[in-house]
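Peer 1: Structure for the following, please:
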Amino acid sequence: MRRKLLVSAVSAVVMLNGCALRDFSHRTMAQDVNDGTTHAIKAFATTPARENPVNNIDEPYLAFRTVKNAPAEGTLTLKASAAPFGPLMMEAAHKAGYSVVFADNVDATRKVTVDFDHADTEEALRETAFLAGYVAAFDKERRTYTVADTATFTFKLPTSVFQQLTAHYEVGGNPVSSNGGGSGGG
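Peer 2: Numbering: from 1, shown residues only. Below is the predicted model of the structure:
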């Protein structure tokens, strides 16, 4: 470590002496370099050494800064602690103009803790059902939420997605013949 510092100090002195204005009348460049090197070595030798030149940081780095929250998107504000999720869902859905249907195997008395502040109703109801261990499927036409143990979601895709798909198959051979047959696909 000291050798690296010594080399760095000597290099710095040499570079600085090389760039400085010098008096060419009575001293040579070698004399200036030797004097600078001697001065750097003395300065390094007289500087007290640090006990531990390595800084150990064993705590997390925290850089606090102010971040603006996104504006609230929904209208549902609900806070409950260890409350049955069934009545919570029914009340929240009723305020939004929807009804809730529970499947036969759903225990509407399971307790959940929620805290929604200006949340989207659909998202909040799905989250509440998820916290109880169920899934909430939303039917926009009937304006109902169905809470069940499992659910199947159907997604509608535009026909333009399917127009680009093509498939080409070639099948050949006779599986009944004794010489066998082959088939290929592409």
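
Peer 1: So which bits of stretch 133-146 are buried?
Peer 2: Buried residues in stretch 133-146, counted by 16 or more other Cβ atoms under 10 Å: 134-138, 145-146. Glycine gets a C-beta too; all of them are placed from N, C-alpha and C.

Peer 1: So which of those are in strands?
Peer 2: Judged by DSSP state E, the buried residues of stretch 133-146 include 135-138, 145-146 as members of strands.

Peer 1: So which of those is the closest to Tyr169?
Peer 2: Nearest to Tyr169 among these, counting by Cβ to Cβ, is Ala137 at 37.3 Å.

Peer 1: Against Lys42, how distant is the closest one?
Peer 2: Ala137 is 83 Å from Lys42, where distance means Cβ to Cβ, to the nearest Å.

Peer 1: same check, this time on Val112
Peer 2: 75 Å.

Peer 1: out of these two, which sits in the busier spot?
Peer 2: A count of neighbours by other Cβ atoms under 10 Å puts Val112 above the other of Val112 and Lys42, at 20 against 10.

Peer 1: State the three-state secondary structure for that one.
Peer 2: Assigned with DSSP: H, G, I helix; E, B strand; the rest coil, Val112 falls in the strand class.

Peer 1: What does the pLDDT read for the most centrally placed residue in the chain?
Peer 2: By Cα atoms, centre = their mean, the chain has its centre lying nearest to Val67, at 16.9 Å. On pLDDT, Val67 comes in at 78.
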